[in-house]
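Peer 1: give me a model of this one.
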Amino acid sequence: MTNQNETSLLPCDLHNLFSYEAETGNLIWKRKESMNFGKVVGCKDTNGRIRCEINGKSYSVHRIIFCMHHGRWPKYQIDHINQIKTDNRIENPIQLQTSLLKHLKPYRDWETDRKSVV
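Peer 2: The predicted structure follows:
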C-alpha cells in the first residue's frame, strides 16, 4: 500500500532526482549539487531489496521506479516476477494485492523445486 512518505513526492520530483537505466534497472542520482551525483541509488536492506533515503525518509527503489514509469505510486505491494529482489528492470516488478502474493508462493516454490531437481 502507498505510504505517507510516498504521497509527499510526485513523479516529477523523482524525475528531477533520478535517471533510470532500463538495461540494468538502476536508478542514478541526477542532481549535480549532490555528493552522490552519477552514482547508483540505494543499498540492500535486511530483506534484500534496495532502499534509499530522500530528505531523511526511506523509500524502496522498486516503488520509485514504478512511480517514475507509471506516473503514480503503486497502490499495492510490488513483487519481483523472477524473485530477484534487486532486479528492478521495469519488466520485472509487478504490482499485486497481498492476497494474490499468498496464492503465488506455492507455485513459485514448486517451480524452484522443479528447477533444482532437473
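Peer 1: quick check, central residue of this structure?
Peer 2: residue 62 (0.6 Å; C-alpha atoms, centre = their mean).
Peer 1: so it, which of the three states?
Peer 2: With DSSP: H, G, I helix; E, B strand; the rest coil as the basis, the three-state label of residue 62 is helix.
Peer 1: same question for residue 65.
Peer 2: Per three-state DSSP, residue 65 ends up helix.
Peer 1: wait, what's in contact with it?
Peer 2: 20, 25, 27, 88, 90, 93 (C-beta atoms under 8 Å, 6 or more residues apart in numbering). Yep, even glycine has a C-beta here, placed from its N, CA and C like the rest.
Peer 1: count of neighbours near the last one?
Peer 2: Neighbour count of residue 93, defined by other C-beta atoms under 10 Å: 24.
Peer 1: that one is in contact with residue 77, isn't it?
Peer 2: No - assessed by C-beta atoms under 8 Å, residue 93 is found out of contact with residue 77, at 10.1 Å.
Peer 1: Throw the contacts of residue 65 into CSV and include secondary structure, thanks.
Peer 2: As requested, those are arranged in CSV below (three-state DSSP):
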residue, secondary structure
20, strand
25, coil
27, strand
88, coil
90, coil
93, strand
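Peer 1: narrow those residues to just the buried residues.
Peer 2: Among the contacts of residue 65, those buried by neighbour count (16 or more other C-beta atoms under 10 Å) are 20, 25, 27, 88, 93.
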